[in-house]
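# Here's my sequence, what's the structure:
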Amino acid sequence: MRAGLIATACALALVGCRQGEQAGRVDPAQHSAFYLWAGVDPGANLARAQELYILDGEVRREQPDRFVALHPQVPRLSDKKLWLVVRTQTLDWGPAVQAAIRRDLDRWAAANPRFEGLQIDFDASTARLDGYATFLKQQRAMLPPRYKLSITGLMDWSANADPAALAQLVGTIDEVVVQSYQARATIPGYAAYLDRLARVPVPHKVALVEGGEWVEPPALRRDPLFRGYVVFLLKPGK
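Presented below is the predicted three-dimensional model:
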């Protein structure tokens, strides 16, 4: 009997060690919302996904009147919430860009009954957040009411943004997804920023990078506007 107890204890300790190896890392298998960029195979994550943010195209600084399509096929995922993502380096969108985005929104919505709307992926600096808010109000005015408007945001907004600039987002956007990573790595010191995320006065999620370091700051669960996580999936070996 004693030998059996020792064996059981050793087995439990081994399991604990294996779990410890994975502790503090972002495991897509524990999540149901994902960013899906061009060329990334979601694999088994697609089956468990309840919400997807899919990159449709981008607007480049040197060509502000051209929408570069990166997802030529309209996704057909009737059982999932779906967001069309536009990555942009400039806010100086020309008429051709506006027309292309509106056309794709309508096409995606027609093929997906749970289509949510548009997400704009732009690294708006904290110091210029008021100007970004003005751009977003213009976009909201041009979007049909049936489409929601989401944006990505920097963690620094929570700590250092002017409250008046943050307040301008209320009534304009439906959510902000705060980026906690750069490239393939979690940004050091993320907990200190996210502890103040409740300062952002619109519903917010936190974007995590697959395999990145992560321990949830306790303040998130006490934040009434926190809406969960979105995992940025990576290409294997990249």
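# Helices of the chain, residue ranges please.
2-22, 45-48, 95-111, 129-142, 156-160, 163-167, 190-194 (DSSP state H).
# Tell me how far the nearest residue to Arg48 once chain neighbours are set aside lies from Asn112.
Excluding the flanking residues, the one nearest Arg48 by Cβ to Cβ, 6 or more residues apart in numbering is Ser32, at 5.8 Å. C-beta coordinates here come from the backbone N, C-alpha and C atoms, glycine included. Plainly put, Ser32 is 17 Å away from Asn112 if you go by Cβ to Cβ, to the nearest Å.
# for Leu169, same thing?
With Cβ to Cβ as the criterion, Leu169 and Asn112 are 26 Å apart.
# for the residue lying closest to Leu169 once chain neighbours are set aside, what are its contacts?
Of all residues not flanking Leu169 in the chain, Val202 sits nearest, at 5.1 Å (Cβ to Cβ, 6+ apart). Counting by Cβ atoms under 8 Å, 6 or more residues apart in numbering, Val202 touches 169-170, 173-176, 225.
# redo that, cut-off 6 Å
169-170, 173, 176 (Cβ atoms under 6 Å, 6 or more residues apart in numbering).
# Could you find which two of the residues you listed are furthest from each other?
Val170 and Val176 (11.0 Å; Cβ to Cβ).
# Show me what the strand ranked longest in the chain pairs with in its sheet, parallel or antiparallel.
The longest strand of the chain (DSSP state E) is strand 51-60. Counting by DSSP bridges, the strands paired with strand 51-60 are strand 33-36 (parallel), strand 63-69 (antiparallel), strand 81-88 (parallel).
# Name the surrounding residues that touch it.
33-38, 67-71, 75, 80-85, 87-89, 97, 104, 119.
# can you rerun that using 8 Å?
32-38, 66-71, 75, 77, 80-90, 93, 97, 100-101, 104, 108, 116, 119, 121, 150, 177, 230.
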